[in-house]
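Peer 1: Attaching a predicted model along with its sequence, questions to come.
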Amino acid sequence: MPDTPKLYKVTIDNITTEVEPGTTILMAARKIGGDVAPPAMCFYSKLKGSGGKCRTCLVRVAKGSAVDPRPMPKLVASCRTNVMDGMLVESMTNPDVLEARNAVVEFLLINHPLDCPVCDQAGECDLQDLSYEHGKEGTRYEFKRRTFEQEDIGPYIKLHMTRCILCYRCTYVADQLTDKRVHGILDRGDQSEISTYISKAIDNDFSGNMIDVCPVGALTDKTFRFKNRVWFTKPVNAHRDCATCCGKVILWNRGDEVLRVTARKDEWGEVQSYDGKPGWICNTCRFDKKHLNDWVIEGLTNIKRHSVIGQGKYPGLVMPNETITEVMGGRDPKLMMDIHSISDVNDRDINLSAIPGPATSETFTPNP
Ligand code: SF4
Ligand code: FES
């Protein structure tokens, strides 16, 4: 029987988990889940080599390993740093890490325009979410921002370079999903820009996935641009038999009209995997199948309640009036965790607001 590899114990924000050697701190934090997982603007687990560009995933390593307990002298990019056995990591519990994330957002916004009201990505933009969570209300930047002409790259994709944060994800899609890459990052430093070589159009079966991986509104779907705001659409899961891709998609509908087709995303905003393979979709499914009868509808897509897209999608939902801070006597919660999977006493099927009186151990004792 082959030896099972020794697992490494790593503790992130006081929560311990075990992962295989070679796992990055970011993926270990995602295993724990919730707010412990650092934000990631350039890393994309389904794209080999991605990460290490944006620095939004910085964390502090307070103890290197059980063998060498020295802390790491600087904050590290968690998407590019592997865990060691006995490592102690601080993510959202360390004020220096939060301060650094603020600074990274400020840095990203130096050149990124705040044009969310007219940007097609609004409501599903990672940078918009990150700025709400970690951004400052003002900017200290006084110089002229760089701007670019909008460019058509291929029949389906519009490039708005002014919004690009140079995360490189789209170039990895082109390298890893299509047979030849015809676009890339040209020039250096603040002159860097995404463009196609000699204005070659991007035209191959999987190029549309660049739109899905772009964390901001730099690459948008020309067939959907300015047709609607995402929060006015009704997203439904649907599938079709496709010889080229997995055929599992989200249809973004308005009435009977299919306005947009995208791949399905997981809780980290990445394309969902099926049978261990990423569910990238082909351009035929994405751009050519825009009729409801092209698809088998499975039902409404689950939309994150705190996302702007969730607006109006939860009719009848009664939210508590008091905030957690009020309940905690003015203190802010430092960490929110879902403990159902590790707790023996809590049962997610029991609605604590609906039982008479306070909960006791009997509340959670299964009926004989
Ligand atoms: S266009 Fe989008 S995906 Fe490509 S590098 Fe810029 S931000 Fe990243
Ligand atoms: S997500 Fe780690 S550096 Fe960008």
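Peer 2: Good, I have the coordinates. Residues are numbered from 1 along each chain as shown. Ligands and ions are numbered 1, 2, ... in the order given.
Peer 1: remind me which residues of the stretch 51-200 of the chain are low pLDDT?
Peer 2: By pLDDT under 70, the low-scoring segments of the stretch 51-200 of the chain are 196-200.
Peer 1: can you pull out the strands in it?
Peer 2: Secondary structure of the stretch 51-200 of the chain by DSSP state E, counting those that start in this stretch: the strands cover 58-63, 76-77, 87-90, 151-153, 157-159, 183-186, 193-196.
Peer 1: out of those strands, which comes closest to ligand 2?
Peer 2: With Cβ to the nearest ligand atom as the criterion, ligand 2 lies closest to strand 76-77 of those, at 4.3 Å. Using the backbone N, CA and C atoms, a C-beta is placed for each residue, glycine as well.
Peer 1: near ligand 2, anything from that closest one?
Peer 2: Yes. Judged by Cβ under 6 Å from any ligand atom, strand 76-77 and ligand 2 are in contact via residue 77.
Peer 1: related to what we said a few turns ago, any chance of the strands of the stretch 51-200 of the chain in a markdown table, with distance to residue 42 too?
Peer 2: Converted to a markdown table, the strands of the stretch 51-200 of the chain look like this (distance: least, Cβ to Cβ, whole Å):
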| stretch | distance to residue 42 |
| --- | --- |
| strand 58-63 | 12 |
| strand 76-77 | 9 |
| strand 87-90 | 20 |
| strand 151-153 | 20 |
| strand 157-159 | 18 |
| strand 183-186 | 12 |
| strand 193-196 | 13 |
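Peer 1: burial count for the residue of the stretch 251-368 of the chain at minimum distance from ligand 2?
Peer 2: At 10.9 Å from ligand 2, residue 268 is the closest residue in the stretch 251-368 of the chain, using Cβ to the nearest ligand atom. Close neighbours of residue 268, defined as other Cβ atoms under 10 Å, add up to 14.
Peer 1: what about it, helix or strand, and which?
Peer 2: In this structure, residue 268 sits in neither a helix nor a strand according to DSSP states H and E.
Peer 1: Per-residue confidence at the closest residue to it other than its chain neighbours, what does it come out as?
Peer 2: In space, and not counting its chain neighbours, residue 268 is closest to residue 30: 6.4 Å by Cβ to Cβ, 6 or more residues apart in numbering. On pLDDT, residue 30 comes in at 95.
Peer 1: any idea how far residue 30 is from residue 271?
Peer 2: 15 Å (Cβ to Cβ, to the nearest Å).
Peer 1: try residue 170
Peer 2: Distance from residue 170 to residue 271, by Cβ to Cβ: 13 Å.
Peer 1: And for residue 131?
Peer 2: 23 Å.
Peer 1: Which single residue of the stretch 101-250 of the chain ends up nearest ligand 2?
Peer 2: For the stretch 101-250 of the chain, Cβ to the nearest ligand atom, closest residue to ligand 2: residue 167, 6.9 Å.
Peer 1: ok, that residue touching residue 51?
Peer 2: No. The pair residue 167 / residue 51 is not scored as a contact, 9.2 Å apart, by Cβ atoms under 8 Å.
Peer 1: Tell me, how many residues neighbour the nearest residue to residue 148 once chain neighbours are set aside?
Peer 2: Among residues not flanking residue 148 along the chain, residue 161 sits closest, at 3.8 Å (Cβ to Cβ, 6+ apart). Counted with other Cβ under 10 Å, residues neighbouring residue 161 total 19.
Peer 1: so how far is ligand 1 from residue 161?
Peer 2: According to Cβ to the nearest ligand atom, to the nearest Å, residue 161 stands 7 Å off from ligand 1.
Peer 1: show me what contacts that residue?
Peer 2: Residue 161 makes contact with 148-151, 193-195, 218, according to Cβ atoms under 8 Å, 6 or more residues apart in numbering.
Peer 1: Could you report the distance from the closest residue to residue 106 other than its chain neighbours to residue 5?
Peer 2: Nearest residue to residue 106 in three dimensions, chain neighbours excluded: residue 136, at 5.9 Å (Cβ to Cβ, 6+ apart). Note on residue 136: its distance to residue 5, by Cβ to Cβ, is 44 Å.
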